[in-house]
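S.K.: need the 3D shape of this:
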Amino acid sequence: MFTLALATTLAAGAGAQLPSETALELSAARFYRAASGQTVIDAFCRVPFTLLDPVSRGASGTAFYRVAIAVRDSAGLELVAQSWVQSVPVRMLTAAHGSAVEHFSFAARAGRYTMDVAVTDSASGRVTRQSATVSAYAQAPAVSDLLLANAMRKAGGAADTVPRAGEIRKGVVFLEAAGRPVLTPQQSRLGYYVELYPAAAETVAVGLKVLKADGSPLVTVPVQQVPFPAGGGANNGVVDLAGLPPGDYKLEVTERGRGGSEVRSAPFGMAGFETEAALAAVAPGPRDVFDARSESGLDTLYAPLVYLMAESEQGLYPTLTLDGKRNFLRQFWAKRDPTPGTPRNEAQEDFYTRIAEANRRYREGGATQIPGWRTDRGRVFVKYGPPDEVLSRPQAGSTNPYEVWKYTRGRALKYVFLDQTQFGNYALIWTDDRREPSRPNWQELLGPEGVLDVERF
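M.R.: Okay, here's the model as predicted:
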């Protein structure tokens, strides 16, 4: 999951501790699951943009990096190993104290674990590493760790089960959690989430405080009485901190029940108006065709690009996140834009128009429906456009149905397609185009009459 963050561009003298520009920041929050006796650990790694170099420049340029994580127990046994590729628009790299936040989670039994994160910049090959240790609960704690978020929302219904970009799900709520959230004057609402694990049902007094860097209270929220069932439940909410001066703070949550008081706290920051200006300066431009697409829709737009891709562009897209896929497609077409700087990309428009037309004309049936662009005729149509002349023989006597396409604009090329199944599935069997394959026995497949027909055409 990818959360883009501009971490504290604060006024001088505001007393805020700016995040490191050369090191990864790694933090975690723990939640107990009694049914399995395991601890669920949500980990967050902040990646400063200063660690990245652009792979391509310009308005649609992009930087890429690979994240690799490993989790090992106290004996050194590797329990978790994952990696993924992320992308960042070049315009974001110039934001002061800009960063990306990567999230991963795992479940573990009681013990001590080491989390290792390595971030590799694709352009330079530079590798940055960070490690942290975390302990899984040996038994149910009274209260979990406190998880803070830049935003939080409740699920919209039974069908709302999939987190949006930048969200993680906890029960019936979705949080834009970032390890150490940073608020701004215009986005000043802080979400919080904490779990309680009482053995018996009880009502707990819950109090909230915002503490300054020196630990003194600055904001106190009135205590609320919250009922919890036996076994536990979640306490979550949103605190509006509009008007809070720029600086570093902690949110402190106090839970008072029959077993006594438990206190949990977590850090967050408040940025100044300078950060608002930085956000506006690098805000995305107008929405494009890729913004409105789901991941499956993006995959549909990507698949036909196999006809156009250079070798260096192959294999990267499937490894990317949703935002990374959008950026890949933007960059791919920006490099092929015949009129850069204008709202239209004629090459992109023409290509997808051909795809739609190929799907309309050349879709093939059978046991599985094959979209037109994936057929032999569709491929040639997409790559070279409509033929200048077509010889169609749907009823070819002793020969199976066939078509011959001729191109005369700038080059003299022929393509012969044969329907061996007689169900409308035409396969390319011969061409004088060296970029396309021919079958060695095409004359035998076509028959003497068909071969003569091709030679005369």
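S.K.: C-alpha from now on. contacts and neighbour counts both.
M.R.: Noted.
S.K.: packing partners for the top helix by length along the chain?
M.R.: For the chain, the helix with the greatest residue count under DSSP state H is helix 346-362. Judged by 3 or more Cα pairs under 8 Å, 6 or more residues apart in numbering; DSSP states H and E, the packing partners of helix 346-362 are helix 376-384.
S.K.: check the offset of stretch 324-333 from the chain's centre.
M.R.: Here stretch 324-333 is found 12 Å from its chain centre; the criterion is Cα atoms, centre = their mean, to the nearest Å.
S.K.: may I have it exported as CSV, CA atoms only?
M.R.: Extracted C-alpha coordinates of stretch 324-333, given in CSV (Å, rounded to 0.1, in the frame of the first residue of the first chain):
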residue,chain,number,x,y,z
GLY,A,324,2.5,2.6,-10.2
LYS,A,325,0.5,1.1,-13.1
ARG,A,326,-1.2,4.5,-13.8
ASN,A,327,2.2,6.2,-13.8
PHE,A,328,3.7,3.6,-16.1
LEU,A,329,0.9,4.1,-18.7
ARG,A,330,1.2,7.8,-18.5
GLN,A,331,5.0,7.7,-19.0
PHE,A,332,4.6,5.1,-21.8
TRP,A,333,2.4,7.3,-23.8
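S.K.: what does it rub up against?
M.R.: For stretch 324-333, contacts defined as Cα atoms under 8 Å, 6 or more residues apart in numbering pick out 60-62, 85-89, 290-291, 298, 302, 317-318, 345, 347-348.
S.K.: need the mean per-residue confidence for it.
M.R.: Stretch 324-333 carries an average pLDDT of 90.
S.K.: which parts of the stretch 301-450 of the chain are strands?
M.R.: Ranges of strands within the stretch 301-450 of the chain are 389-393, 402-407, 413-418, 427-431, based on DSSP state E, counting those that start in this stretch.
S.K.: export these as a markdown table, with columns for mean neighbour count.
M.R.: Shown next, in a markdown table, are those (neighbours: other Cα atoms under 10 Å):
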| stretch | mean neighbour count |
| --- | --- |
| strand 389-393 | 14 |
| strand 402-407 | 21 |
| strand 413-418 | 21 |
| strand 427-431 | 20 |
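S.K.: nearest to residue 442, out of the ones you listed?
M.R.: Nearest of these to residue 442, taken as Cα to Cα: strand 427-431 at 5.5 Å.
S.K.: got the angle for the closest one vs strand 402-407?
M.R.: Using axes from the mean of the first three to the mean of the last three Cα atoms, to 10 degrees, the inter-axis angle of strand 427-431 relative to strand 402-407 is 50 degrees.
S.K.: strands paired with strand 427-431, and their directions?
M.R.: strand 413-418 (antiparallel) (DSSP bridges).
S.K.: and the pLDDT at the nearest residue to residue 433 once chain neighbours are set aside?
M.R.: Counting by Cα to Cα, 6 or more residues apart in numbering, residue 433 lies nearest to residue 413, which is 6.2 Å off, once chain neighbours are set aside. At residue 413, the pLDDT value in this model is 92.
S.K.: quick one: residue 413 and residue 429, what's the gap?
M.R.: Distance, residue 413 to residue 429, by Cα to Cα, to the nearest Å: 14 Å.
S.K.: report the distance from the longest helix of the chain to the chain centre.
M.R.: Worked out by Cα atoms, centre = their mean, helix 346-362 lies 27 Å from the chain centre.
S.K.: name the residues that touch that helix?
M.R.: 304, 333, 336-339, 371-373, 375, 377-378, 381-382, 385.
S.K.: give me the lowest-pLDDT entry from those residues.
M.R.: Minimum pLDDT across the contacts of helix 346-362 is recorded for residue 339, with 84.
S.K.: could you find the closest non-adjacent residue to that one?
M.R.: The shortest distance from residue 339 to any non-neighbouring residue, by Cα to Cα, 6+ apart, is to residue 345 (6.7 Å).
S.K.: which residues touch the one you found?
M.R.: 333, 334, 337, 338, 339.
S.K.: torsion angles phi and psi at it?
M.R.: With angles defined as degrees, to the nearest 10, residue 345 sits at phi -120, psi 100.
S.K.: hmm, back to that, next one: the residue nearest to residue 433 from residue 388, what distance?
M.R.: 10 Å.
S.K.: what about the helices in the stretch 201-350 of the chain?
M.R.: For the stretch 201-350 of the chain, the helices defined by DSSP state H, counting those that start in this stretch occupy 273-281, 295-302, 322-334, 346-362.
S.K.: can I get those in TSV including mean neighbour count and distance to residue 46?
M.R.: Putting the helices of the stretch 201-350 of the chain into TSV (neighbours: other Cα atoms under 10 Å; distance: least, Cα to Cα, whole Å) gives the following:
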stretch	mean neighbour count	distance to residue 46
helix 273-281	16	17
helix 295-302	14	25
helix 322-334	21	17
helix 346-362	17	35
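S.K.: which of the ones you listed sits closest to residue 39?
M.R.: The nearest among the helices of the stretch 201-350 of the chain, by Cα to Cα, is helix 322-334 at 28.4 Å.
S.K.: quick one: that closest one to helix 346-362, angle?
M.R.: Using the same axes, to 10 degrees: helix 322-334 against helix 346-362 is 100 degrees.
S.K.: alright, calling it a day.
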